[in-house]
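Asks: model the structure of this input:
(one chain, ligands or ions: 1)
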Amino acid sequence: MQNTAAPNAVPTHCPYCALQCGMNLTPVEGGTVEVSERADFPVNRGALCGKGRTAPQVLAPGARLTSPLVRSRDGALMPAGWDEALDRIAGSLGRTRAEYGADALGVFGGGGLTNEKAYALGKFARVVLGTSQIDYNGRFCMSSAAAAGTRAFGLDRGLPFPLEDIPEAGCVILVGSNPAETMPPSMRYFTALRENGGTLIVVDPRRTRTAEQADLHLAPRPGTDLALALGMLHLVVAEGRVDEAYVEERTSGWEEARAAAMAHWPEYVERITGVAVPELREAVRLFCAPEAAMVLTARGPEQQAKGTDTVGAWINLCLATGRAGRLRSGYGCLTGQGNGQGGREHGQKADQLPGYRKLTDPAARRHVAEVWGVGPDSLPGPGRSAYELLDALGTDIRSLLVMGSNPVVSAPRAAHVEGRLRSLDFLAVCDVVLSETAELADVVLPVTQWAEETGTTTNLEGRVLLRRRALTPPEGVRSDLEVLHGLAGRLGVEKGFPVEPEEVFEELRRASAGGPADYSGIDYRRLAEENGVFWPCPAPPADGGADHGTGTAPHPGTPRLFLDRFATEDGRARFAPVAHRPSAEEPDDAYPVLLTTGRVVAQYQSGAQTRRVAELNAAAPGPFVELHPLLAARLGATEGDPLAVVSRRGRAVAPARITTGIRPDTVFMPFHWPGEGRANTLTNPALDPVSRMPEFKVCAVRVETVRP
Ligand code: SF4
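Replies: Modelled structure (predicted):
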């Protein structure tokens, strides 16, 4: 990577994870761009991981789709013109709607789509198709944290404070989070925390690269971190560490939460989690000692069938110790996907409208319907959540439009989901590469990528960012906004789907105005000049009347939430009276081992893009089964031996990777690959009752050696 930007370098952001690292792009010969350091963006200050550094390789014409593909009579996907492809999609969707009704049409979006695309996709589903059946893969990402945050604070924003607060926190507990692999440049914040004398506690069943840097690593049995948080809260109460004044002044529901925690004795928690009582006490001591402290969760606690309550238990710990809503303190979620935050705010989620409004709220429906120029009664109600939508394919849902997602690899119980996709009457996929899901489609549309289009994303801090176009897309490729425009027109809606991202953003601003995620005071000019703006950022009232403390001056944005009051009706944070319960699937004689899944540093999500980058593939060429030497010895397995991991949903085969850094009762598989090593063949689609998050992080399996 170059250290200085060329004069014609375009400042923009990485296409991958939620850190949204800043980078400069300079067009070079061969139809791609060169990445160079962009030190002015505060989140990463020029640092990039290997994924970001090599992202331009997916822009090269040989690595991506450059022509629509249409399935021919003999079953092959063949190059076709745009008109033919769009006609075929519009015709098929129209026929399905005429025959089965609008809710037989499904739309499946992605957490990598820009805010403009997420907004336009939600509007397209509800206004053009008239279907309620839209959700996105972000449901599989952080939905439990979003549900728990909304329940406790009245508002979900991944981090309610900027990353720059982490080094000043005194103590940070990272729960089920491995940023050293998922977003390496973020580790500088945790390093600075420790250099400042603060402590880092990592809760993870594996001794991950992040856990190796911790002052204390707690390794609970998968699916028991809810009990761990309750055990810590029990000790907080028993040791007199509750911040009584804060609890009295800023919270509600403490007595019920306290009673629930007191039922979780440390010795009982040790039996459930496998974490010894002295370690539990040490964690409480480290967490309570400094004036400021944070709990940050990621997919570990969230991707469980009790994910909302598990996150709620960690929030309770923050509330009882007076952490939330105070400087350099509190609870936050490290969202995963590039626009996982913005993607859930603007209407591609089954139950939400732009501005993070509830689809069931009559006032929200009226407001958004007015912006869209339709009657509020014409807007459908909430639809199925992501897994439920995929599970209904081929039965209640007959035709599906997928935009920026690869559920064949990333969905739980993936072989079943693949079967449901194959059973559809019609499948259309918009993607940059021929993903495993696109391979099943009747029509594939090749779309522009991050460096070829302008648009906004919202990173894990709630910082709205401007990605800029640095490159002319290859001929034969169109943007997702052009796709929606083309389909809307063919389906009889001529207006309301502009192809210019800024025009879409201007409408999004109006649609979000007054909502929880208010972007109305943000525009492209500000984003360019200010290097991002934190929402909520309302527009000043035109008459300078009842304002947001800024008169008619632009609102500065809101880096820190909840310092004065929480976003609940009474301004108080709400404790949740949660209790431990087993995972949906516990080990038994037939399936005696626990499986947990996750990520490796060189691959991103379903791997559709990163598996096409030679350097990343060389670093992480395929899946593996990580297991403890004790379990390996019981199986008679040695390093590299092929192992079959079998769950009630299927079988996956991958080589053994033996390490003492995992519990003997647990195996780990990364989920980035399709085929026989596909980890999500095994995972359990049991859903959290509130967030509808599947239980990716824990299921029961048996492990067998594979004889040649
Ligand atoms: Fe891109 Fe995330 Fe890597 Fe930053 S950490 S370069 S945003 S993948």
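
Asks: in terms of helices and strands, where is the residue of the stretch 501-650 of the chain at minimum distance from the ligand?
Replies: In the stretch 501-650 of the chain, the residue found nearest to the ligand is Tyr604; the distance is 6.3 Å by CB to the nearest ligand atom. Placement of C-beta: from N, CA and C, glycine included. Element membership for Tyr604, per DSSP states H and E: none, as it lies in no helix or strand.

Asks: got a list of what Arg611 touches?
Replies: 603, 617, 672-673 (CB atoms under 8 Å, 6 or more residues apart in numbering).

Asks: about what we covered before: what pLDDT does the residue of the stretch 501-650 of the chain closest to the ligand get?
Replies: We have a pLDDT of 92 for Tyr604.

Asks: quick check, it in contact with Cys14.
Replies: No: between Tyr604 and Cys14 there is no contact under CB atoms under 8 Å: 10.0 Å.

Asks: do you have the helices of the stretch 601-708 of the chain handy? List them.
Replies: Taking DSSP state H, counting those that start in this stretch as the criterion, the stretch 601-708 of the chain carries its helices at 614-619, 629-635.

Asks: now the first one: buried residues?
Replies: Translated: helix 614-619. Residues Leu616 are the ones in helix 614-619 that count as buried (16 or more other CB atoms under 10 Å).

Asks: what do you get for the last one?
Replies: The neighbour-count check on helix 629-635 (16+ other CB under 10 Å) flags 631-632, 635 as buried.

Asks: for Arg241, see how far away Val247 is.
Replies: Distance, Val247 to Arg241, using CB to CB, to the nearest Å: 12 Å.

Asks: excluding residues flanking it in the chain, which one is nearest the one residue in the chain that gets nearest to the ligand?
Replies: Distance from the ligand to each residue of the chain (CB to the nearest ligand atom) is smallest for Gly52, at 2.4 Å. The spatially closest residue to Gly52, leaving aside those adjacent along the chain, is Cys14, at 4.0 Å (CB to CB, 6 or more residues apart in numbering).

Asks: same check, this time on Phe190
Replies: Leaving out its chain neighbours, Phe190 is closest to Leu200 (CB to CB, 6+ apart), at 5.4 Å.

Asks: give me the domain ranges for the chain.
Replies: Domain segmentation of the chain under automatic domain parsing yields 10-63, 69-140+339-532, 143-333, 593-705.

Asks: and the longest one with the ligand, contact?
Replies: No: residues of domain 69-140+339-532 are not located near the ligand by CB under 6 Å from any ligand atom, the shortest gap being 8.4 Å.

Asks: just send the domains of the chain back as a markdown table, with distance to Glu586 too.
Replies: Below are the domains of the chain laid out as a markdown table (distance: least, CB to CB, whole Å):
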| stretch | distance to Glu586 |
| --- | --- |
| domain 10-63 | 32 |
| domain 69-140+339-532 | 17 |
| domain 143-333 | 8 |
| domain 593-705 | 6 |
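
Asks: which one of those has the poorest average confidence?
Replies: Taking the mean pLDDT of each of these, the lowest value is held by domain 10-63, a mean of 92.

Asks: so how far does that one reach from one end to the other?
Replies: Looking at domain 10-63, the gap from its leading to its trailing residue is 22 Å under the measure CA to CA, to the nearest Å.

Asks: run through who's touching stretch 612-622.
Replies: Stretch 612-622 has contacts (CB under 8 Å, 6+ apart) with 50-51, 54-55, 57-58, 63-64, 433, 600-603, 610-611, 654-655, 670, 672-673, 677.

Asks: report the buried members of these.
Replies: Buried by 16+ other CB under 10 Å: 50-51, 54-55, 57-58, 63-64, 433, 600-603, 610-611, 654-655, 670, 672-673, 677, out of the contacts of stretch 612-622.

Asks: so which of the residues you listed sit within strands?
Replies: Under the assignment DSSP state E, those contribute 654-655, 670 to strands.

Asks: Tyr604 and Cys14 - which one has more neighbours?
Replies: Of the pair Tyr604 and Cys14, Tyr604 is the one with more neighbours under other CB atoms under 10 Å, namely 28 against 25.

Asks: mind checking how far that one is from Gly307?
Replies: Note on Tyr604: its distance to Gly307, by CB to CB, is 22 Å.

Asks: go through stretch 406-422 and flag the buried ones.
Replies: Within stretch 406-422, the residues that qualify as buried by neighbour count (16+ other CB under 10 Å) are 406-418, 420-421.

Asks: list the contacts for the residue nearest the centre of the chain?
Replies: When the chain is reduced to its mean C-alpha position, the closest residue under CA atoms, centre = their mean turns out to be Cys141, at 3.6 Å. By CB under 8 Å, 6+ apart, Cys141 lies in contact with 111, 299, 302, 335-337, 340.

Asks: let's see 10 Å
Replies: With contacts defined as CB atoms under 10 Å, 6 or more residues apart in numbering, Cys141 is in contact with 18, 111, 298-299, 302-303, 333, 335-337, 340-341, 343-344, 386, 410, 605, 693, 696.

Asks: swap in Asp165?
Replies: By CB under 10 Å, 6+ apart, Asp165 lies in contact with 159, 189, 292, 294, 327-330, 332, 461, 559-560.

Asks: same deal with Ala9?
Replies: By CB under 10 Å, 6+ apart, the contact set of Ala9 is 2, 23-27, 33-38, 470.

Asks: Phe696 now?
Replies: Remark: with contacts taken as CB under 10 Å, 6+ apart, Phe696 is in contact with 140-141, 299-300, 302-305, 307, 410-412, 595-598, 671, 679-680, 682-685.

Asks: relative to Thr596, how far out is it?
Replies: Spatial separation of Phe696 from Thr596 under the definition CB to CB is 8 Å.

Asks: overlap of the contact sets of those two?
Replies: Where contact means CB under 10 Å, 6+ apart, the residues bridging Phe696 and Thr596 through contact with each are 299-300, 303, 679, 683.

Asks: just the buried subset of those residues, please.
Replies: Judged by neighbour count, with buriedness set by 16+ other CB under 10 Å, the buried members of those are 299-300, 303, 679, 683.
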